[in-house]
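**Q** Quick one, fold the following:
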Amino acid sequence: MIKNILLFSALLFFFSSLSAEKYEFFGAIKLYGKDEASITYKLVITETNGKLTGYSLTDVAGPHETKNIIEGTFDSKTNMLVFKEKDIVYTKSPVSGDLFCFVNFEGKVKLRSSKPKIDGNFKGMFKNKAKCIDGTITLVGSERVQKLLSKVNNKIQKSKEVPDTMKVKYNPITMFDSMQVNHLMPTQNISIFDLSSTVSFEIWDKEKEDGDVINLYHNGKNILTNFAVTKQKKKIDVILSSENNVFMIEAVNEGKFAPNTAMILFTGNNPVEMQSNLRKGETTSISIVKRQE
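**A** Predicted coordinates:
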């Protein structure tokens with residue numbers, strides 16, 4: 001009897017996982033009443049039996065890059081897509097979490113099309129449900145973006161008017177891929193919103209080992225001194241203080257190949273992967289902010 005129940009549960013899990021579909025979109029949002037340029041926007045969602053989960057990235061690779069948790073629904077019969085940004089995972093903006101305007105979208109989208117596109121108006125709402133700035137959203141499937149970039153890159157590579165050094169430096173595919181990495185820049189602070197009282201950091205060299213060395217501080221106290229970053233991951237468990245929790249990373253050197261590029265995985269309620277991008281003596285910081293439930 002128990003074996004039958006376990007078998008049934010396994011089959012149920014297997015078939016439910018088959019119905020899960022992942023979609024990735026890239027494009028921009030624009031706020032009403034603003035003359036500023038469009039803000040880059042990335043949406044990654046998984047649809048399972050009509051329910052949506054995932055995340056969004058606003059101002060991708062920019063100084064105000066923000067990652068939000070997404071939840072919503074999709075009706076395959078009416079093609080009605082509904083999603084909202086629920087909570088902040090992290091932000092590089094100095095703005096308080098209470099002042100963030102969350103995107104709420106509802107519209108018809110052919111999600112399962114070979115060329116999926118999300119285009120329409122969205123409503124902006126604060127965490128407390130108060131209305132903020134509305135706008136428009138225009139997104140296309142990332143596969144389509146990659147194909148367009150490949151066409152542009154082919155033209156650049158075949159052009160006799162573009163120097164070879166420029167072809168390498170301004171390769172659109174490489175530049176787009178670089179935007180997918182969460183870089184920690186000098187003097188920058190990234191605020192991670194979390195509910196945990198104990199968190200973990202894993203530090204390693206994702207690229208070729210070149211002798212990068214860092215110092216790591218927690219609220220001014222040194223917890224890693226002259227640490228040589230290697231392929232082997234170094235895990236650190238930290239009990240957070242009741243108030244501020246600021247982790248500062250300092251580049252002791254730049255290794256054989258500048259800049260200092262240590263990979264850092266923060267593990268709390270929502271994992272965040274980052275990569276330092278520092279010259280010798282430069283610092284960047286990570287603040288852990290207690291998220292409101």
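
**Q** In the protein, mark out all the helices, start to finish.
**A** According to DSSP state H, the chain carries its helices in the segments 2-18, 142-158, 164-169, 172-178.

**Q** Would you single out the least confident of those helices?
**A** Looking over the helices of the chain, mean pLDDT reaches its minimum on helix 2-18, with a mean of 44.

**Q** Quick one: the strands in the stretch 1-150 of the chain, in order.
**A** Per DSSP state E, counting those that start in this stretch, the stretch 1-150 of the chain has strands spanning 21-31, 39-48, 51-58, 66-75, 80-91, 102-108, 117-125, 135-141. These are given in chain order.

**Q** Contact partners for the closest residue to residue 95 other than its chain neighbours?
**A** Using C-beta to C-beta, 6 or more residues apart in numbering and skipping residues adjacent in sequence, the residue nearest residue 95 is residue 64, 7.8 Å away. Where you see a C-beta, it was placed from the backbone N, CA and C, and this is true even at glycine. Contacts here follow C-beta atoms under 8 Å, 6 or more residues apart in numbering; on that basis residue 64 touches 58, 91, 92, 93, 95.

**Q** Need those in TSV (columns: neighbour count and pLDDT).
**A** Formatted as TSV, the contacts of residue 64 follow (neighbours: other C-beta atoms under 10 Å; pLDDT from 0 to 100):
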residue	neighbour count	pLDDT
58	24	95
91	24	95
92	20	94
93	20	92
95	12	74
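
**Q** Take the residues you listed and write them to TSV, including distance to residue 109.
**A** Below are these laid out as TSV (distance: C-beta to C-beta, whole Å):
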residue	distance to residue 109
58	19
91	27
92	29
93	28
95	30
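
**Q** Between those residues, which sits nearest residue 289?
**A** Sorting the contacts of residue 64 by how near they are to residue 289, with C-beta to C-beta, puts residue 91 at the top with 9.1 Å.

**Q** distance of the closest one from residue 193?
**A** If you measure residue 91 against residue 193 using C-beta to C-beta, to the nearest Å, the figure is 8 Å.

**Q** Check residue 105 too.
**A** Here the criterion is C-beta to C-beta. By it, residue 105 lies 22 Å from residue 193.

**Q** quick revisit: out of the strands of the stretch 1-150 of the chain, which comes closest to residue 224?
**A** Ranking the strands of the stretch 1-150 of the chain by proximity to residue 224 (C-beta to C-beta) places strand 80-91 first, at 21.3 Å.

**Q** Note down every partner strand of the closest one and its orientation.
**A** According to DSSP bridges, the neighbouring strands of strand 80-91, each with its direction, are strand 66-75 (antiparallel), strand 102-108 (antiparallel), strand 189-194 (antiparallel).

**Q** before we move on, the earlier item: list phi and psi for the residue nearest to residue 95.
**A** Here the main-chain torsion angles of residue 64 (degrees, to the nearest 10) amount to phi -120, psi 20.

**Q** Quick one, grab the pLDDT at it.
**A** Reported pLDDT for residue 64: 93.

**Q** Over to residue 87?
**A** Confidence per residue is given as pLDDT, and for residue 87 that number is 92.

**Q** Equivalent analysis for residue 182, please.
**A** The predicted local confidence for residue 182 comes out at a pLDDT of 86.

**Q** mind listing what it touches?
**A** 65, 190, 272, 273, 274, 275.

**Q** which of the residues you listed lies closest to residue 26?
**A** Looking across the contacts of residue 182 and measuring by C-beta to C-beta, the closest to residue 26 is residue 65, at 13.9 Å.

**Q** for the stretch 1-150 of the chain, which spans come out with low pLDDT?
**A** In the prediction, the stretch 1-150 of the chain carries residues with pLDDT under 70 at positions 1-19, 34-37, 97, 142, 144-150.

**Q** Thanks a lot, see you next time.
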